[in-house]
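Colleague: show me the folded form of this:
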Amino acid sequence: MLTNKTVILGITGSIAAYKAADIASKLTQAGAKVEVVMTEPATKFIAPLTMHSITGRAVVTDMFDLASQHTIEHIALGGAADVMVIAPATASLIAKAAVGIADDMVTLTVLATKAPVIVAPAMDVNMFANPVTQENLAKLKARGFIIVDPEYGRLASGKVGWGRLADVDKIIGTIKQVLGRSGDLAGKRLVVTAGGTQEPIDPARHIGNRSSGKMGYAIAEAARDRGAEVKLVAAPTSLPQPAGVEVIRVRTTVEMKSAVAKAVAKADALIMAAAVTDYQPRTTARAKIKKATPGLTLELVRTPDILGEVKGNFLKVGFAAESEDIVVNAKKKLQNKQLDLIVANDITDKKGGFGVDTNKVTIISRDGKVEKLPLLTKREVADRILDRVVGMLGKKK
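Modeller: Alright, predicted model coming up:
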């Protein structure tokens, strides 16, 4: 996704400028060519040498440095860029960009590039809330700029409110989303489920499973990076919300079934990576059950079969978490639920089970093709699954 892509990173004079080093480092590690452009005030917060050391590339700061030909540097950079991201973006930078003023290397490059421009504001809460700032952001949005909204939290002034620079991973996720607009899933709508559903026993306890949601989230992010419009129906998980993905949060199997039924209305594919709890208590106690007796008997009933019951003209991809007879049981599930594809994994494998970043799966299609994959990261598994989805959607045409 980021390999050999040219990303211009514009840095302006905000105390959050130090976070630009993390952005540059992660982009560089992912294979991107990061060209850093800084305003003069930005150099007071973070040294150009730091950014040069991280990216291995010259840092552009002075629009009048004839020796280094920076008078035309913004033209060259703007033409070479695949995407430009300004992080952090001050209120001053946003104001100048909104009216087309170019009096520093960042604003000059903004005007010189035809690449998509991502703006990540960072400023004091009052400055961000000011109607002028909001009007300027609205102008940029209307012109096609992508705004990564700031977060709520404690600011440098000591105040608490909206204005903190967005999380670095959210900014990078937005970059990936923008770069993936022309990917092989562009124009496609995918619904992905993730996490483990929870069935309440009482207000304090539930029946659940050990799913972390990592596999489903990896699929959602991979689909986003390939240009898809993604809806992620997520059971409780500690994972951060992926940038550029619509997340629909649910808790129980019944809630997930309802959310999936609505989400697939115009979907091209449903990838059911969630670990749905198979049983739920027949009744749920309204108050917390006290430890008055040495034992507790629960009557359990089956939860709805989401994948088996959902209807529509879309590809259906399921998962089979098995502890024995992996392929045999997965094939039965594929047939019983009338799936197009099923992904089976051995939950007894500590390197490929719940809660880890890797998975070892077998992909089985309706035509009987069985593909056993080696141990891969869950993101790599996600892309292998989506490779198959892309091929099947192509045949469906």
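
Colleague: what residues are up against Lys53?
Modeller: No, residue 53 isn't Lys; it's Ser. For Ser53, the contact set (CB atoms under 8 Å, 6 or more residues apart in numbering) is empty. For every residue, glycine as well, the C-beta is placed using N, CA and C.

Colleague: how about it, secondary structure?
Modeller: Secondary structure, DSSP: H, G, I helix; E, B strand; the rest coil: Ser53 is helix.

Colleague: so Leu2 sits against Val34, correct?
Modeller: No: applying CB atoms under 8 Å, one finds Leu2 not in contact with Val34, separated by 9.6 Å.

Colleague: need the overlap of contacts for these two.
Modeller: With CB under 8 Å, 6+ apart as the test, Leu2 and Val34 both reach Leu27.

Colleague: ranges for the helices of the stretch 51-200 of the chain?
Modeller: Applying DSSP state H, counting those that start in this stretch to the stretch 51-200 of the chain gives helices spanning 73-80, 91-99, 105-112, 125-129, 131-142, 168-179.

Colleague: what of the stretch 251-397 of the chain?
Modeller: 253-263, 306-309, 326-336, 378-396.

Colleague: that older thread, return the most buried member of the helices of the stretch 51-200 of the chain.
Modeller: With neighbours defined as mean count of other CB atoms under 10 Å, those peak in mean count at helix 105-112, which reaches a mean of 23.

Colleague: what's the angle from that helix to helix 131-142?
Modeller: Relative orientation of helix 105-112 versus helix 131-142 (axes from the mean of the first three to the mean of the last three CA atoms, to 10 degrees): 40 degrees.

Colleague: what is the mean pLDDT for helix 105-112?
Modeller: The pLDDT scores in helix 105-112 average 92.

Colleague: just how off-centre is it within its chain?
Modeller: 28 Å (CA atoms, centre = their mean, to the nearest Å).

Colleague: then it to CSV, C-alphas only?
Modeller: Coordinates of each C-alpha in helix 105-112 appear next as CSV, following Å, rounded to 0.1, in the frame of the first residue of the first chain:
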residue,chain,number,x,y,z
MET,A,105,7.0,26.1,1.9
VAL,A,106,3.9,24.3,3.2
THR,A,107,1.3,26.6,1.7
LEU,A,108,3.3,26.9,-1.5
THR,A,109,3.4,23.1,-1.9
VAL,A,110,-0.4,22.9,-1.2
LEU,A,111,-1.0,25.2,-4.1
ALA,A,112,1.5,23.4,-6.3
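
Colleague: one step back: quick one: closest of the helices of the stretch 251-397 of the chain to Val60.
Modeller: Taking CB to CB, helix 378-396 is the member of the helices of the stretch 251-397 of the chain nearest to Val60, at 32.7 Å.

Colleague: show me what counts as buried in the closest one.
Modeller: Residues of helix 378-396 classed as buried by neighbour count (16 or more other CB atoms under 10 Å): 378-386, 388-390, 392-393.

Colleague: state the pair within those that is farthest apart.
Modeller: Lys378 and Leu393 (21.9 Å).

Colleague: residues touching the nearest residue to Thr90 once chain neighbours are set aside, list them.
Modeller: Leaving aside its chain neighbours, Thr90 sits nearest to Thr12 (4.6 Å; criterion: CB to CB, 6 or more residues apart in numbering). Residues near Thr12 by CB under 8 Å, 6+ apart: 38-39, 41-42, 86, 88-90, 92-93, 106.

Colleague: which residue lies farthest from the center of this structure?
Modeller: If you look at how far each residue of the chain sits from its centre, by CA atoms, centre = their mean, the farthest one is Thr293, at 46.4 Å.

Colleague: could you give the backbone dihedrals for Val34?
Modeller: phi -100, psi 120 (degrees, to the nearest 10).

Colleague: that one against Leu9, yeah?
Modeller: Yes: assessed by CB under 8 Å, Val34 is found in contact with Leu9 at 5.6 Å.

Colleague: can you give me the end-to-end distance of stretch 200-218?
Modeller: End-to-end distance of stretch 200-218 (CA to CA, to the nearest Å): 27 Å.

Colleague: rewinding a little: can you list the helices of the stretch 51-200 of the chain in CSV and add distance to Arg249?
Modeller: Formatted as CSV, the helices of the stretch 51-200 of the chain follow (distance: least, CB to CB, whole Å):
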stretch, distance to Arg249
helix 73-80, 40
helix 91-99, 31
helix 105-112, 36
helix 125-129, 26
helix 131-142, 26
helix 168-179, 17
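
Colleague: worst average pLDDT in those?
Modeller: The bottom spot among those, by mean pLDDT, belongs to helix 73-80, with a mean of 68.

Colleague: neighbours around Gly183, how many?
Modeller: 20 (other CB atoms under 10 Å).

Colleague: equivalent analysis for Asp82, please.
Modeller: Count around Asp82 with other CB under 10 Å applied: 18.

Colleague: can you check Ser323 too?
Modeller: 11.

Colleague: give me the phi and psi for the nearest residue to it once chain neighbours are set aside.
Modeller: In space, and not counting its chain neighbours, Ser323 is closest to Thr348: 5.2 Å by CB to CB, 6+ apart. Backbone torsions of Thr348, given as degrees, to the nearest 10, read phi -80, psi -10.

Colleague: and the residue nearest to Lys378 when sequence neighbours are not counted, how far from Val191?
Modeller: The shortest distance from Lys378 to any residue other than its chain neighbours is 4.2 Å, reached at Ala218 (CB to CB, 6+ apart). Distance, Ala218 to Val191, by CB to CB, to the nearest Å: 15 Å.

Colleague: which of those two has more neighbours?
Modeller: Neighbours were counted for Ala218 and for Val191 using other CB under 10 Å; Val191 has more, 29 against 25.

Colleague: which ones are touching that one?
Modeller: By CB under 8 Å, 6+ apart, the neighbours of Val191 are 230-231, 233, 260, 263-264, 267, 269-271.

Colleague: I figured Thr28 hits Asp22, correct?
Modeller: No: Thr28 lies out of contact with Asp22 (CB under 8 Å); the separation is 10.8 Å.

Colleague: neighbour count for these two, which is higher?
Modeller: A direct count of neighbours by other CB under 10 Å for Thr28 and Asp22 places Thr28 higher, at 17 against 14.
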